[in-house]
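> could you work out the structure for the sequence below:
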Amino acid sequence: MKNKVRAQVKSRFYYIFWGTATISVVLGQLYVGTGYRLLYGGMDDLLNKVDGVLLHQGGRINKSNPFDNYL
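Reported below is the predicted structural model:
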């Protein structure tokens, strides 16, 4: 009977490297996703403030269409 030779022999460094790389990518994705969520929250607050100012100028609701005189 022949002994089966393993096709690939991976060292401990292989698993440490790819484990570290995987964790780094996942943490980076979480960091970027959190940044986008914070940016969206800030932009949403800003747009709500600006929307309130632009819609209620002079105590009345401004319903004019900015594209009326486009062409």
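> I'd like to know how far residue 41 sits from residue 48.
In this structure, residue 41 lies at 11 Å from residue 48, with CB to CB, to the nearest Å as the measure. Glycine gets a C-beta too; all of them are placed from N, C-alpha and C.
> do residue 37 as well
With the distance defined as CB to CB, residue 37 ends up 17 Å from residue 48.
> what's the answer for residue 4, then?
67 Å.
> please apply the same query to residue 20.
In this structure, residue 20 and residue 48 are 42 Å apart, going by CB to CB.
> now residue 3
With distances defined as CB to CB, the gap from residue 3 to residue 48 amounts to 72 Å.
> mind listing the helices for the chain?
Assigned by DSSP state H, the helices in the chain fall at 12-55.
> any stretches of it with poor pLDDT?
Scanning the chain with the threshold set as pLDDT under 70 gives 1-2, 51-71.
> let's see it at 50
Confidence mapping of the chain against pLDDT under 50 gives zero matching residues.
> quick revisit: who has more neighbours, residue 3 and residue 48?
Neighbour count, other CB atoms under 10 Å: between residue 3 and residue 48, residue 48 has more, with 9 against 5.
> residue 5 - how many residues pack around it?
Residue neighbour count, defined by other CB under 10 Å, stands at 6 for residue 5.
> now swap in residue 25 and tell me
10.
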